[in-house]
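In: Pasting the sequence and the predicted model now:
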Amino acid sequence: MNIGPMRELGGVFDRVADAYDAGRPSYPDEMYRAVCELTGVELDGAMTVDVGAGTGILTRALRARGSQVIAVDPGAGMLARLLARAGGGGQPPLAAVQGDGNALPVADGVADLVTYGQSWHWLDPAASIAEARRVLRPRGAIVGCWNLHHAAQARWLADYEARLAEEVPAYWGPAVEEWAVPPIAAAFEVIEERWIPWTRLVGIEDFLLDLRSHSYMAALSPEAADALVERQRAELRREFPEGLLSVPMRVYLAVGR
């Protein structure tokens, strides 16, 4: 699902940076344990290039576990938010670089890990993986991860996704019959894949901020996006009058070594 020039992609997500930062979920602890197990790389002390870092959801978690991070993203607004949320001293070094995942602004052979959190599907499959291999050290690894709704586990969530598929022309998700996980596994010679289930407890308003952060919502006019969010809010409040959602999630994790 490569949409073209990275500067255009950066502009799309810069428009929803506030919603992205406030609404997108973090990853469960089990994912980070699985990354260490499957890659053989300990996060504590590792050098990681986080491609498509956005506002730093994955970057912050990697640094909290001891990784030095070079965060690369095409969006200046997203990187500004990342740096604002980076925290004070006592954490591993952080560099934030505006750049293209198909042509990384990173020297050869410097990284133990190259990560793509919710981002690899926007890149050219061959060029991005060639760049990841270029910047990796000999025993380094490539990690792709996606936080996904597990709509099959809850009728209300399947209905929510179905409404999006009906109302949003650019929607891409589990309610579309041909939807599938990004084909990152096809880009590797050695691949490990894992599905990690978890449950997200979230208020309706934060859940709707997550909705606003997606590119298919950014493609709508502000008026159309507002109207759609209000319809979803009404349905969710009818279903959950207490305002709290228990959202079945799963992380798709793919590791190339």
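Out: Perfect, I can see it now. Numbering: from 1, shown residues only.
In: Output the below-cut-off pLDDT ranges for this structure.
Out: Within the chain, the ranges that satisfy pLDDT under 70 run 1-16.
In: give me that answer again for 50
Out: Along the chain, the model assigns pLDDT under 50 to residues 1-5, 7, 10.
In: now the helices: where do they sit in the chain?
Out: With helices called from DSSP state H, the chain shows them at 6-14, 17-23, 29-39, 57-64, 76-84, 125-135, 155-167, 204-212, 215-218, 222-239.
In: and those helices, which is most packed in?
Out: Greatest average neighbour count among the helices of the chain goes to helix 57-64 (a mean of 22), per mean count of other Cβ atoms under 10 Å. Yep, even glycine has a C-beta here, placed from its N, CA and C like the rest.
In: and it, what does it pack onto?
Out: strand 47-51, strand 68-73, strand 111-117 (3 or more Cβ pairs under 8 Å, 6 or more residues apart in numbering; DSSP states H and E).
In: In a markdown table: these, plus distance to residue 226 and mean neighbour count.
Out: Formatted as a markdown table, the helices and strands packed on helix 57-64 follow (distance: least, Cβ to Cβ, whole Å; neighbours: other Cβ atoms under 10 Å):
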| stretch | distance to residue 226 | mean neighbour count |
| --- | --- | --- |
| strand 47-51 | 32 | 27 |
| strand 68-73 | 27 | 26 |
| strand 111-117 | 28 | 26 |
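In: could I get the ones you listed as TSV with distance to residue 96?
Out: Formatted as TSV, the helices and strands packed on helix 57-64 follow (distance: least, Cβ to Cβ, whole Å):
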stretch	distance to residue 96
strand 47-51	10
strand 68-73	5
strand 111-117	15
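In: right, so of the ones you listed, which gets closest to residue 149?
Out: The closest of those to residue 149 is strand 111-117. By Cβ to Cβ, the value is 16.2 Å.
In: Just want the angle from that closest one to helix 125-135.
Out: Put simply, strand 111-117 runs at 150 degrees to helix 125-135, going by axes from the mean of the first three to the mean of the last three Cα atoms, to 10 degrees.
In: Could you check the angle strand 111-117 makes with helix 57-64?
Out: Our comparison of strand 111-117 with helix 57-64, counting by the same axes, to 10 degrees, yields an angle of 150 degrees.
In: now for strand 111-117, which elements pack on it?
Out: Applying 3+ Cβ pairs under 8 Å, 6+ apart, one finds that strand 111-117 contacts strand 47-51, helix 57-64, helix 125-135, strand 136-149.
In: so which of the helices of the chain comes closest to residue 189?
Out: Nearest to residue 189 among those is helix 125-135 (10.2 Å), distances taken as Cβ to Cβ.
In: which residues touch the closest one?
Out: For helix 125-135, contacts defined as Cβ atoms under 8 Å, 6 or more residues apart in numbering pick out 2, 49, 51, 101-104, 106-111, 114, 116, 120, 142, 183-184, 186-188, 256.
In: What subset of these is buried?
Out: Buried subset of the contacts of helix 125-135 (neighbour count, 16 or more other Cβ atoms under 10 Å): 49, 51, 101-102, 104, 106, 111, 114, 116, 120, 142, 184, 187-188, 256.
In: Many thanks, I have nothing further to ask.
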